[in-house]
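>>> have a look at this prediction, sequence included:
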Amino acid sequence: MTDRNQELFARAQLSIPAGVNSPVRAFRAVGGTPPFFERASGANLWDANGKRYVDYVGSWGPMVAGHCHPAVVEAVREAASRALSFGAPTEAEIELAEAIRRHVPSIELLRLVSSGTEATMTAIRLARGHTGRSAIVKFEGCYHGHADSLLVKAGSGALTFGNPSSAGVPAETAQHTIVLDYNDTAQAQALFAARGAQIAGVIVEPVAGNMNLVLPEPGFLHALRELCSRHGAVLIFDEVMTGFRVAIGGAQAHFGIEPDLTTLGKVIGGGLPVGAVGGRRAIMERIAPLGPVYQAGTLSGNPVAVAAGLATLRLVEQPGFQDRVAAATRALTGGLADAAREAGVPFSAQSIGSMFGIYFRATAPASFAEVMQSDRERFGRFFHAMLARGVYLAPSAYEAGFVSAAHGAAEIDATLAAARASFRELA
Ligand code: KE4
């Protein structure tokens, strides 16, 4: 029988670099042919061969309510029946901004954009415009999208390719980005002691999800908050991945820390292109046309995308939603750890909200260096053993996984059965 995925992958590479529109999708980290998907519903995906998978990528985070949730599809259909785009203000954008601000009180003003990259790029520009300084601090292994200033030792795709900084970023640009080690509080304190007056802002994933899942150690985020406050730097929580997924109010609610700016994406678009940057009024009032920091976007606040985001937020804010998905995620990670132990495979797993990490090392990593000690070769074999059994994990050892409200006991049990067989193959 012909494999449609192989046919499509070969054809795609004739017109699209590596056959994909985002690097991690090319399976270069795990090898093999990526499935070309045709349909999604709930926790499931179907590829071009008609094969069904339980999905733990969830479009890299947006699909927390499950694929094609009827309420989201209906909202999109209804919005699209009235207009596809105006390039002018709509009431729906106000409703989405108000819904976000209801759950993320640190956001006094918010600007909608069309991707997480646009959100973080704008946050960096706002920090620099607000402080008049140039230096930006980020952390190795964290990924904030592909703006030049942030593609310096990025995580996610660039890390997967073992290419810790991107070609095409001028040295003159990269020199303004200081890269520290995630969870190294002493290092951040030493930097601020030496150069605090030069630092425009610190951007951090309050829970790292782009070097696989790495949790902030107690005190790390509080130290960044205190250092930024003391030195007049802008603290930016990049919650593109963690927003409305780690908790309804994001990682900032979970850890009780108020950043100066927050970037959002993924869940707030429900699968359609939406990002956002928001925060303290004094900073957000610097953005055009109120202030001198320019930012713009043809499709910012697109009515169809906003409809998908609003419908998704209305689902995730339902009482019990976050607890239910977090419980399913814990059942998954606990079951995977049990299966690996039974097979005698060195493995660990952890979760926060409905994000999870799996690691082929005995303990969950607390730093980029520890992530790099994971057994990538074993991960690749496990990935393909699970894929063959109809479980679609993130195709990289450096990505977090995502559970949705549609992952019920049947999906988790089927995943754990596939894992028990797959771990036995690795032993
Ligand atoms: P986008 O420009 O891809 O919408 O968002 C960039 C971004 C910013 N900040 C964080 C914390 C992110 O996780 C992302 C994007 N995440 C990756 C997944 N690791 C997107 C998947 C991909 O690059 O194909």
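Yep, that arrived. Numbers count the residues shown, from 1 in each chain.
>>> quick one, what contacts the residue of the stretch 201-350 of the chain found nearest the ligand?
Nearest to the ligand, among the residues of the stretch 201-350 of the chain, is V240, at 3.5 Å (Cβ to the nearest ligand atom). Using the backbone N, CA and C atoms, a C-beta is placed for each residue, glycine as well. Taking Cβ atoms under 8 Å, 6 or more residues apart in numbering, we find V240 in contact with 61, 116, 119-120, 144-145, 263-266, 275.
>>> if I look at the one residue sitting closest to the centre of the chain, what pLDDT would I see?
With distances taken as Cα atoms, centre = their mean, M241 lies nearest the centre of the chain, 3.0 Å away. pLDDT for M241: 98.
>>> next, count neighbours for the closest residue to the ligand within the stretch 1-150 of the chain.
The nearest approach of the stretch 1-150 of the chain to the ligand comes at G116, 2.3 Å away (Cβ to the nearest ligand atom). Using other Cβ atoms under 10 Å, G116 has 29 other residues around it.
>>> gap between it and E342?
Distance, G116 to E342, by Cβ to Cβ, to the nearest Å: 38 Å.
>>> again with A417
Remark: distance between A417 and E342 (Cβ to Cβ) = 12 Å.
>>> the stretch 201-350 of the chain: strands as residue ranges?
234-238, 261-264, 275-279, 348-352 (DSSP state E, counting those that start in this stretch).
>>> mind listing the strands the last one pairs with, and their directions?
In this case it means strand 348-352. Based on DSSP bridges, the pairing partners of strand 348-352 within the sheet are strand 355-359 (antiparallel).
>>> do the same with the second one
Strand 261-264 has the following strand partners under DSSP bridges: strand 234-238 (parallel), strand 275-279 (antiparallel).
>>> residues of the stretch 101-250 of the chain that sit close to the ligand?
With Cβ under 6 Å from any ligand atom as the criterion, the stretch 101-250 of the chain meets the ligand at residues 115-117, 120, 143-145, 156-157, 205, 209-210, 238, 240-241.
>>> lowest pLDDT pick from those residues?
Lowest confidence among these: G157, with 45.
>>> so who does L332 touch?
Contacts of L332 were listed using Cβ under 8 Å, 6+ apart, and they are 351, 356, 403, 407, 412, 415-416.
>>> one more pass at 10 Å, please.
56, 349, 351, 354, 356, 358, 401, 403, 407, 411-412, 415-416, 419 (Cβ atoms under 10 Å, 6 or more residues apart in numbering).
>>> just those now: which is nearest the ligand?
The closest of those to the ligand turns out to be G401 (Cβ to the nearest ligand atom; 10.8 Å).
>>> count of residues packed around that closest one?
Number of residues near G401 (other Cβ under 10 Å) recorded here: 26.
>>> thought I352 was touching it, still the case?
No - assessed by Cβ atoms under 10 Å, G401 is found out of contact with I352, at 11.7 Å.
>>> list the residues that contact both of those two?
Shared contacts of G401 and I352 (Cβ under 10 Å, 6+ apart): 209, 213, 329.
>>> now the second one, what are its backbone angles?
The main-chain torsion angles of L213 are listed as degrees, to the nearest 10 and equal phi -80, psi 120.
>>> excluding chain neighbours, what is closest to it?
Distances taken as Cβ to Cβ, 6 or more residues apart in numbering put G357 closest to L213, at 2.9 Å, once the chain neighbours are dropped.
>>> who's in contact with that neighbour?
G357 sits in contact with 207-209, 211-215, 333, 348-351, 364-365, 371, 374, 394, 397-401, where contact means Cβ under 10 Å, 6+ apart.
>>> and for V267?
By Cβ under 10 Å, 6+ apart, the neighbours of V267 are 58, 61-65, 239-245, 250, 274, 309, 312-313, 315-316, 354, 402.
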